[in-house]
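Visitor: Test case, fold it:
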Amino acid sequence: MSLRVSTTGSDVVLNDLGITVTHPTNNRDLSLEFTSVELRDSAELTAAIQSGDLEVDDGTFGIASDDYDPDELILQELGILGDTKYISNDELAAVGDTYIVSGIFPVNLSSTANSTRNVYAAAGRWKTWELEIGDLVLIEGNTAAGNYTVETVSDQQNFIVAETIPDSTGGTVKIYHPKATTRIGVDDSTMEHVEGDNLQEVLESIDDQLGGDITSGITPVTHRTLDQLVHNIAEDSWEEVTYSGIRPTSIIVWTDSGKTLKIREEEYVWNANKIDTITITQYDSDGLEEERIVETYTYSGMRVIEIDREYT
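Guide: Next up, the predicted model:
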């Protein structure tokens, strides 16, 4: 954490810090003399900066008088230098395509370049708007007005957008972050069936694995891998058995005794006293055939020695 102050024309008395910054002073680093808490709590320091009696910078950028935020001193000392280092409550609560405004805005825009898609904002910021790839940029007040997506960050004054952007000067820019789920990292090293580097990608991968609406459970395609046809009837049902002489020729499971819709049907084909084939058919909720499997029996004498199953 660094806080360098320079006088602008006269001595500045800071009684609550017990010092006088005599004129001319250039880049006196108060962070070497006081803790971040002491500097944050100095009302006279804040007033002197905001009135323009002291000019300040953070060791990298100059801080405009109306941008000075004493709370940033604590954030810097904690290593929380900007939005790349923490996620706000608003971002955690954001859903859908919601974007959250970040930092002290709007920022005066210097220029945009069509040839390089570079956006240049020379106004120094005090670690309150660190850009990230994927951030949304809103430009207003010039010929490049519109929404853009950050593709590359050169530094906190220059960044490249993904979209075509016209040449322009002046205007303002605001930076927005996407919802927090795209910024929360995950450890996918122990996951075999899903992919993703952040929470949003992992959830979307899980949804793809389910094959459809997560609220409706697994799909018939996924269910089939669980030996769908051997599952017992789970619905309310009524069963009908038909015969040819003493041999059963079919067992039909209906939704009710009125035979409204078929649920499942087993058809038996006999060869003399032996079953030749059994065809098992599953019907959907509209009573239409969903799938079937045909079992073909092979005998040695009167004993079954093989059953061949063919799914259709």
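
Visitor: Please count neighbours and contacts with C-alpha atoms only from this point.
Guide: Noted.

Visitor: care to break this protein down by domain?
Guide: 4-77, 89-182, 186-216, 230-311 (automatic domain parsing).

Visitor: Name the stretch from those where average model confidence is lowest.
Guide: Here the domains of the chain differ in mean pLDDT, and the lowest is domain 186-216 at a mean of 76.

Visitor: Please enumerate the helices of the stretch 101-250 of the chain.
Guide: Along the stretch 101-250 of the chain, counting by DSSP state H, counting those that start in this stretch, helices occupy 199-210, 220-224.

Visitor: Now for V56, how many residues are close by?
Guide: Number of residues near V56 (other CA atoms under 10 Å) recorded here: 25.

Visitor: Please name the residues that touch A121.
Guide: 107-111, 157-158 (CA atoms under 8 Å, 6 or more residues apart in numbering).

Visitor: Apply 10 Å and report the result again.
Guide: Neighbouring residues of A121 by CA atoms under 10 Å, 6 or more residues apart in numbering: 107-112, 156-159, 170-173.

Visitor: Now tabulate those residues in a markdown table and tack on distance to I246 and neighbour count.
Guide: Putting the contacts of A121 into a markdown table (distance: CA to CA, whole Å; neighbours: other CA atoms under 10 Å) gives the following:
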| residue | distance to I246 | neighbour count |
| --- | --- | --- |
| V107 | 90 | 19 |
| N108 | 93 | 20 |
| L109 | 92 | 23 |
| S110 | 94 | 17 |
| S111 | 92 | 20 |
| T112 | 89 | 26 |
| Q156 | 88 | 19 |
| Q157 | 90 | 18 |
| N158 | 88 | 16 |
| F159 | 85 | 22 |
| G170 | 95 | 17 |
| G171 | 92 | 19 |
| T172 | 90 | 19 |
| V173 | 87 | 22 |
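
Visitor: Quickly name whichever of those residues is closest to T35.
Guide: Closest approach to T35 among the contacts of A121 (CA to CA): Q156, at 26.4 Å.

Visitor: where does E44 land in three-state SS?
Guide: helix (DSSP: H, G, I helix; E, B strand; the rest coil).

Visitor: My guess is I293 contacts R264. True?
Guide: No. Using CA atoms under 10 Å, I293 is not in contact with R264; the gap is 11.6 Å.

Visitor: Those two - which one has more neighbours?
Guide: R264 (24 against 16).

Visitor: Run through the residues that contact that one.
Guide: Contact analysis of R264 by CA under 10 Å, 6+ apart lists 229, 233, 237, 239, 251-255, 280-284, 287, 289-292.

Visitor: what about burial for those residues, which qualify?
Guide: 229, 237, 239, 251-255, 280-283, 292 (16 or more other CA atoms under 10 Å).

Visitor: Listing partners with orientation, what would you give for the lengthiest strand in the chain?
Guide: Assignment by DSSP state E gives strand 289-300 as the longest strand of the chain. As defined by DSSP bridges, the strand partners of strand 289-300 come to strand 274-283 (antiparallel), strand 303-311 (antiparallel).
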